[in-house]
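K.L.:
predicted structure and sequence below. I'll ask about it afterward.
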Amino acid sequence: MRDARAETIAEQAAHWIVQLSADDEHTRASARAGFAAWKAQDPLHAKAAAGMESLLGQVHAVRGPSGGDVRPARAALAAIAPKRRRHLAAGVAAAMLVMAVAAGLAASDRPAYLLADLRSPTGQWRTHTLADGSHLTLGSDTAVNLRFTNGERHLQLVRGEILVDVAKDARRPFIVDSRHAALRALGTRFTVRQQDDSTILSMIESKVAVQLPQHATTVVAAGQRARITGAGVGPLETFDAASLQDAWRAHQLVVDDRPLPEVLDELARHRPGQLRYDRAQLAPIRVAAVLPLDDTDQALQLLIDNFPQLRVRMLTRYLVMVDAPPQKK
């Protein structure tokens, strides 16, 4: 009985936080009075609310004076509120989800993501036709800003990964500005992936000139991939451009002899919540596979099917743990 009551209180608290972070000021004002009365009804109500109120503070901080879009965070909370939990463990996991959302909002580039000109949610792809006729596809959890002038076309990659099909305009060069370099299109079709420590450029058609301060320009041609850091452009690698294009079209991850943690990194980008794993423990496992990115649960199942030593524990849809426990003799 106590477990059921605790679960109900957690759901009610989540409901109040959703109302308190609404876009409409009248809704928020009305919710404040009701929330205060609800907390005063029972010490357990106040205790449940305390943890979630810290998340509300994060939401308001991200909203800021400019009124940034906080719908992604509110949607995550809304998913908690209407669902009855059958087990206490699920309620605990839901609380962990709230903390994970708060941590995500506090990440350094989150406000920039929320304020970007174009963005795509986790697990979704979005395609846009730009004002110049160029086609831009945003991968999962991606954000870009656009700055087109009479002399240049700039696209700033804030986070994530893009597929660009550039419209020709001899008078206005098309430049992708990443965290590490300016990528000047000399042709048409390529992908750019923004990572914390590097930018990954993969050429599908034609060429791109990579420009870094105090470095010579490097031209990357079709079928070549470059890893770019502040130190410069790494050795160019060859890859199958047609396979990459097909993978984008089918929303697939194609890997060939890559460490499992790198594969899980990719899957984590395409699912909400947290995918937790010990990199050192899983690093010896090498993966060659084609995995669906629009169904990461199926992708995890395929990994289990091929690597029986793996264990995947799905505490909730939003908290998944992967490890390789020692095998019993």
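P.N.:
Received the coordinates, thanks.

K.L.:
so the nearest residue to residue 275 once chain neighbours are set aside, which of the three states?
P.N.:
Sequence neighbours aside, residue 268 is the residue nearest to residue 275 in space, at 4.1 Å (criterion: CB to CB, 6 or more residues apart in numbering). (Glycine included, C-beta is placed from N, CA and C.) Here residue 268 is helix, with the state taken from DSSP: H, G, I helix; E, B strand; the rest coil.

K.L.:
ok, residue 268 to residue 165 distance?
P.N.:
Residue 268 is 27 Å from residue 165, where distance means CB to CB, to the nearest Å.

K.L.:
can you check residue 134 too?
P.N.:
6 Å.

K.L.:
contacts only, for residue 238.
P.N.:
Shown in contact with residue 238 (CB atoms under 8 Å, 6 or more residues apart in numbering): 223-225.

K.L.:
could you tell me which of the residues you listed are located in strands?
P.N.:
224-225 (DSSP state E).

K.L.:
quick check on the contacts of residue 238: which are buried?
P.N.:
223-225 (16 or more other CB atoms under 10 Å).

K.L.:
wait, which of those is closest to residue 178?
P.N.:
residue 225 (14.3 Å; CB to CB).

K.L.:
was I right to think residue 219 contacts residue 207?
P.N.:
Yes. Contact criterion CB atoms under 8 Å: residue 219 and residue 207 qualify, at 5.5 Å.

K.L.:
what is the neighbour count of the residue nearest to residue 251 when sequence neighbours are not counted?
P.N.:
For residue 251, ignoring the flanking residues on the chain, the nearest one in space by CB to CB, 6+ apart is residue 294 at 4.4 Å. Counted with other CB atoms under 10 Å, the neighbours of residue 294 add up to 15.

K.L.:
now residue 294: how far from residue 248?
P.N.:
Taken as CB to CB, the span from residue 294 to residue 248 is 12 Å.

K.L.:
and if you look at residue 260?
P.N.:
23 Å.

K.L.:
from one end of stretch 35-47 to the other, what's the distance?
P.N.:
13 Å (CA to CA, to the nearest Å).

K.L.:
any idea how far that stretch is from the chain center?
P.N.:
35 Å (CA atoms, centre = their mean, to the nearest Å).

K.L.:
ok, now stretch 319-329?
P.N.:
Its chain's C-alpha centre and that of stretch 319-329 lie 25 Å apart, by CA atoms, centre = their mean.

K.L.:
cool, and stretch 285-305?
P.N.:
Counting by CA atoms, centre = their mean, stretch 285-305 comes out at 18 Å from the chain centroid.

K.L.:
that older thread, among the contacts of residue 238, which one sits closest to residue 300?
P.N.:
residue 225 (26.4 Å).

K.L.:
list residues touching both of residue 219 and residue 207?
P.N.:
Here residue 219 and residue 207 have residue 186 as joint contacts, going by CB under 8 Å, 6+ apart.

K.L.:
and the helices in the protein?
P.N.:
Using DSSP state H, the helices assigned to the chain run over residues 2-20, 25-41, 43-63, 71-80, 88-106, 110-114, 241-250, 260-269, 279-282, 296-306.

K.L.:
where does pLDDT dip in the chain?
P.N.:
Within the chain, the ranges that satisfy pLDDT under 70 run 1-4, 6-7, 14, 17-19, 21-25, 50-110, 329.

K.L.:
top strand in it by residue count?
P.N.:
strand 153-165.

K.L.:
how far is that strand from where the chain is centred?
P.N.:
Computed by CA atoms, centre = their mean, the chain-centroid distance of strand 153-165 equals 15 Å.

K.L.:
which helices and strands does it pack with?
P.N.:
helix 110-114, strand 135-138, strand 142-148, strand 174-177, strand 189-194 (3 or more CB pairs under 8 Å, 6 or more residues apart in numbering; DSSP states H and E).

K.L.:
using PDB, list the CA coordinates for the fourth one.
P.N.:
This points to strand 174-177. What follows is strand 174-177, C-alpha atoms only, in PDB (Å, rounded to 0.1, in the frame of the first residue of the first chain):
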ATOM      1  CA  PHE A 174      28.300  28.000 -48.800                       C
ATOM      2  CA  ILE A 175      30.200  27.600 -45.500                       C
ATOM      3  CA  VAL A 176      29.500  25.200 -42.600                       C
ATOM      4  CA  ASP A 177      31.000  26.600 -39.400                       C
END
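
K.L.:
other SSEs contacting it?
P.N.:
Where contact means 3+ CB pairs under 8 Å, 6+ apart, strand 174-177 is packed against strand 153-165, strand 182-185.

K.L.:
closest one to residue 172 among those?
P.N.:
Residue 172 sits nearest to strand 153-165 of all the helices and strands packed on strand 174-177, at 5.2 Å, using CB to CB.

K.L.:
isn't residue 34 right up against residue 16?
P.N.:
Yes. Counting by CB under 8 Å, residue 16 is a contact partner of residue 34 at 7.3 Å.

K.L.:
what about those two, which has more around it?
P.N.:
Neighbours per residue (other CB under 10 Å) separate residue 34 from residue 16, with residue 16 holding more: 24 against 12.
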